[in-house]
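A.B. asks: sequence first, then the predicted structure:
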Amino acid sequence: MFCALMSAAQANESALVPPGEEVDGISQSAWSQRWWEWAFSFPMELSPVADQTGELCAGNQSGNVWFLAGTYGTKRAIRTCHVPRGKHVFFPLINYVAFPSVSGQGQCMEYMSLAAKMTQNPSALVLSVDGVRVDGMTAHRQWSPSCFDLGAKAMPSRSIYPAAANGYYAMLRPLSPGRHTVEFGGALPSLYQAVTYTLIVD
């Protein structure tokens, strides 16, 4: 039994892409920016971030990396999502984006500093794949390489610039076909999230 648990833990650790490793020639910090552009690309009623069941998880997905949504604010979500086989899976344990309430206000460095400040010293970072906890997630902190337009892919189109993001993310290698359970979350002084996904890899 002990050997079986060790084997499962080693398998899940190997499924997690090291934080400095590129995927499709793109750094994970750049993927974190793309995640935010994806998350802000929806009207609220179609947002996978606001979705409680997972029925909206396939919205605006493309390429070899499949995004999983966190939640807005401090919430718990339990979702089921069908993921095409062969996709990396990328998601935030806990993250934050800073941007002006009116486009054009403030300087880029102000928002980068605020995003960094808001994500300092998490009291908890949780990742579990198929029931096995993965440790060491503080090393998976990523931040947007520079300020960006948060509304670049929004529908309807709108500009939200400058925006800067910071947080803790996981990039999983493609999961085997079948059913998997991925639990993730984190806690910061002003933000908490806990999400459970049943991923059905088709």
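C.D. replies: Now that the structure is in, tell me what you want to look at. The structure presented is a predicted model; accordingly, all values stated were derived computationally and were not measured.
A.B. asks: how about the helices in the protein?
C.D. replies: Assigned by DSSP state H, the helices in the chain fall at 2-15, 28-39, 108-118.
A.B. asks: mean pLDDT lowest for which of those helices?
C.D. replies: Mean pLDDT is lowest for helix 2-15 among those, at a mean of 48.
A.B. asks: give the contact list for Pro84.
C.D. replies: By Cβ atoms under 8 Å, 6 or more residues apart in numbering, the residues touching Pro84 are Trp66, Val201, Asp202. C-betas here are computed from N, CA, C, even on glycine.
A.B. asks: touching, Leu127 and Met137? I think so.
C.D. replies: Yes - using Cβ atoms under 8 Å, Leu127 is in contact with Met137, at 5.6 Å.
A.B. asks: now list whatever residues contact both of these two.
C.D. replies: With Cβ under 8 Å, 6+ apart, Leu127 and Met137 have common neighbours Leu93, Ala170.
A.B. asks: in contact with Gln28, which residues?
C.D. replies: Gln28 makes contacts with Val17, Pro19, Gly20, Glu21, Glu22, Phe90, His140, Gln142, Tyr169, Met171, as judged by Cβ under 8 Å, 6+ apart.
A.B. asks: the strands in this protein, which residues?
C.D. replies: For the chain, strands defined by DSSP state E occupy the ranges 65-67, 75-83, 88-98, 124-129, 132-133, 141-143, 164-172, 178-188, 191-201.
A.B. asks: can you redo the ones you listed as JSON lines, where the extra columns are mean pLDDT, distance to Ser113 and mean neighbour count?
C.D. replies: Below are these laid out as JSON lines (pLDDT from 0 to 100; distance: least, Cβ to Cβ, whole Å; neighbours: other Cβ atoms under 10 Å):
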{"stretch": "strand 65-67", "mean pLDDT": "98", "distance to Ser113": "26", "mean neighbour count": "23"}
{"stretch": "strand 75-83", "mean pLDDT": "94", "distance to Ser113": "27", "mean neighbour count": "17"}
{"stretch": "strand 88-98", "mean pLDDT": "97", "distance to Ser113": "8", "mean neighbour count": "23"}
{"stretch": "strand 124-129", "mean pLDDT": "98", "distance to Ser113": "22", "mean neighbour count": "20"}
{"stretch": "strand 132-133", "mean pLDDT": "96", "distance to Ser113": "32", "mean neighbour count": "15"}
{"stretch": "strand 141-143", "mean pLDDT": "98", "distance to Ser113": "11", "mean neighbour count": "21"}
{"stretch": "strand 164-172", "mean pLDDT": "98", "distance to Ser113": "8", "mean neighbour count": "24"}
{"stretch": "strand 178-188", "mean pLDDT": "97", "distance to Ser113": "16", "mean neighbour count": "18"}
{"stretch": "strand 191-201", "mean pLDDT": "96", "distance to Ser113": "17", "mean neighbour count": "19"}
